[in-house]
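sharing a model prediction with you, sequence too.
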Amino acid sequence: MTESMHDAMSLDGDVDRLRRFYDDWADGYDADVGSHGYGMPDMVASTLADAVDVLGWGGDRTAIAIVDAGCGTGLVGEALHSAGWTNLRGVDLSEEMAEKAAARGVYRAVEGGVDLTSSAADHLRGSADAVTVGGVFTVGHVPPTALVSMASLARSGGILTVSTRDAYHRETDWHGVVAELESSGQLQRLVHTANEPYTMDSTGDYWAWQVNH
Ligand SMILES: C[S@@+](CC[C@H](N)C(=O)[O-])C[C@H]1O[C@@H](n2cnc3c(N)ncnc32)[C@H](O)[C@@H]1O
């Protein structure tokens, strides 16, 4: 793990601190995570594909409007685009990370400076057929209750796809929050796989739900 990857895990969820941290990391981010065999973006794309299959949405991937929430420099967007999901919008807290994502040329639009857990994201609520959230439900980033904000970016009946890791499950009430949202019917589970590739030295869980508002 590089020093920046280690430091990212020790953030405390403070939005201004997160923004500054990722603004500063934007130039080196791809080299740092790429050098660690970053398998997560492809896994997010294949989890979305599995969820679409479960719902029987059919084969035209370009028709599905996707918001990549916490898009960072656009690595998840790139994986989605390569898999044929081209109707992509990226949104991130950090302007510098979002600029890198825009330069990648795989998103139709990219917005930086947006805290997705706040009213700053209200214009995006209900706007997506599917929402991808890769690497954001991470220790020191957003709490499990942010699932509600992320889910609200999708239309009712849409899909929410999320990655997590064991450290996050241990250090937060992830499983409790998921159980609550599933039992209330706000999230209906479509896919969950565990111990899948994440970084070269860590595995992750991948989740997809149908969202009901
Ligand atoms: C580990 S990076 C993952 C980036 C990208 N999805 C990837 O897979 O490479 C986490 C990203 O989440 C963003 N982020 C953290 N909290 C956020 C929030 N409240 N609203 C929007 N973005 C947020 C950060 O700015 C950062 O770009």
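Done, it's in.

list the residues that contact residue 88.
Contacts here follow C-beta atoms under 8 Å, 6 or more residues apart in numbering; on that basis residue 88 touches 66, 68, 77, 80-81, 106-108. In short, each C-beta sits where N, CA and C put it, glycine included.

the residue nearest the centre of the chain pairs with what?
Nearest residue to the geometric centre of the chain (C-alpha atoms, centre = their mean): residue 133, 1.1 Å. With DSSP bridges applied, residue 133 shows beta-bridge pairing to residue 162.

give me the pLDDT for it.
With respect to pLDDT, residue 133 scores 98.

again with residue 59
83.

where does it land in three-state SS?
For residue 59, the assignment made with DSSP: H, G, I helix; E, B strand; the rest coil gives coil.

residue of this structure nearest the ligand, please.
Closest contact between the chain and the ligand, by C-beta to the nearest ligand atom, is at residue 72 (2.4 Å).

just the element for the residue nearest to that residue when sequence neighbours are not counted, please.
Spatial nearest neighbour of residue 72, chain neighbours left out: residue 97 (4.8 Å); criterion: C-beta to C-beta, 6 or more residues apart in numbering. Assigned by DSSP states H and E, residue 97 belongs to helix 95-103.

what is whichever helix or strand comes after that helix packed up against?
Scanning forward in sequence from helix 95-103 by DSSP H and E, the next helix or strand is strand 109-111. Packing partners of strand 109-111 (3 or more C-beta pairs under 8 Å, 6 or more residues apart in numbering; DSSP states H and E): strand 88-91, helix 95-103.
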